[in-house]
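Colleague: Structure of the sequence below:
(one chain, ligands or ions: 1)
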Amino acid sequence: MQCLKCSGLCSKWGSINGKQRYRCRKCGVTQCLAYYYNACKPNVDQQIVGLIKESCGIRSISRLLHISPVTVIKRILRIAETIKKPSIAIGRIYEADELKTYVKRKDNEQWVIYAIDRHSKKVVDFRVGRRTKKNIEVLINTLLISAASRIYTDGLTTYKSLIPQQLHTVKAYNINRKERTNLSLRTHLKRLSRKTICYSKCAAVLTACLKIYFWF
Ligand SMILES: [Zn+2]
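Modeller: Numbers count the residues shown, from 1 in each chain. So this is what the prediction gives:
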């Protein structure tokens, strides 16, 4: 058998669950010819990322890849842990906005508070939580530390107290791009789409999915 990792030659190396196991002579990785347990197959993580970006929920990913939903969730959390927040360029123009969703129950309102770089159109930072001053402040502070040259926001009064007046513009101008980001988010992430029965059961998984969607 050829190694799945480096295509080197493998030799027999004991057995697992009654199946022949092999070990690569070159890189030393042990592997099986056919995996009994689908989550062990190579590229599963990539497939999960691809499906999240294609608006698949946990259950559809589980059905498509023949992996249990619990494993899918574990993998999502594990993948998200490895993703680092990209470094923010200095002195850019940012747009901050909030997107409403809920976790577990309809009355448990949660917001995705995020900021995009107007030039690169990339999400530079986000938070999941209630739309409190504290949560918004963390995001705005990140922007201020990166020497924002201007910050566009909606009319929410909290922003006025957090952003120095000379940097702040309440949007009206170029409103479309941000609303467009909202729209893409709702279309691309199953858990954020409206008028479906899909929703997040857990804030940690929601955060993980957003991280994968924005930065992977
Ligand atoms: Zn190998």
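
Colleague: So which residues on this structure come close to the ion?
Modeller: Within the chain, the positions near the ion by CB under 5 Å from the ion are 3, 5, 6, 8, 24, 26, 27. All C-beta atoms are positioned from the backbone trio N, CA, C, and that covers glycine.

Colleague: Past the worst-scoring helix or strand of the chain on mean pLDDT, which element shows up next along the chain?
Modeller: Least confident helix or strand, the chain: helix 176-188 with a mean of 61, by mean pLDDT, DSSP states H and E. Downstream of helix 176-188, the next assigned helix or strand under DSSP states H and E is helix 203-215.

Colleague: where do the helices sit along this structure?
Modeller: 44-53, 58-65, 69-82, 133-145, 157-162, 176-188, 203-215 (DSSP state H).

Colleague: weakest of the ones you listed in terms of mean pLDDT?
Modeller: Note on these: helix 176-188 shows the lowest mean pLDDT, a mean of 61.

Colleague: and the gap between residue 145 and the ion?
Modeller: Remark: distance between residue 145 and the ion (CB to the ion, to the nearest Å) = 45 Å.

Colleague: How many residues are close by that residue?
Modeller: Number of residues near residue 145 (other CB atoms under 10 Å) recorded here: 10.

Colleague: how close does it sit to residue 99?
Modeller: Residue 145 is 23 Å from residue 99, where distance means CB to CB, to the nearest Å.

Colleague: Test of understanding: give the bridge partners of residue 123.
Modeller: Beta-bridge pairing for residue 123 (DSSP bridges): residue 116.

Colleague: quick check: domain ranges of this protein?
Modeller: Annotated domains of the chain cover 1-36, 38-82, 93-215 [automatic domain parsing].

Colleague: roughly how far is the second one from the heart of the chain?
Modeller: Relative to its parent chain, domain 38-82 has a centroid offset of 12 Å by CA atoms, centre = their mean, to the nearest Å.

Colleague: Likewise for the shortest one?
Modeller: Relative to the chain's own centre, domain 1-36 is displaced by 33 Å; criterion: CA atoms, centre = their mean.

Colleague: which parts of it are buried?
Modeller: 3, 4, 10, 22, 23, 24, 31, 32, 35 (16 or more other CB atoms under 10 Å).

Colleague: Can you tell me how far the residue nearest to residue 201 when sequence neighbours are not counted is from residue 51?
Modeller: Once flanking residues are discounted, residue 201 sits nearest to residue 104: 5.6 Å by CB to CB, 6 or more residues apart in numbering. According to CB to CB, residue 104 stands 22 Å off from residue 51.
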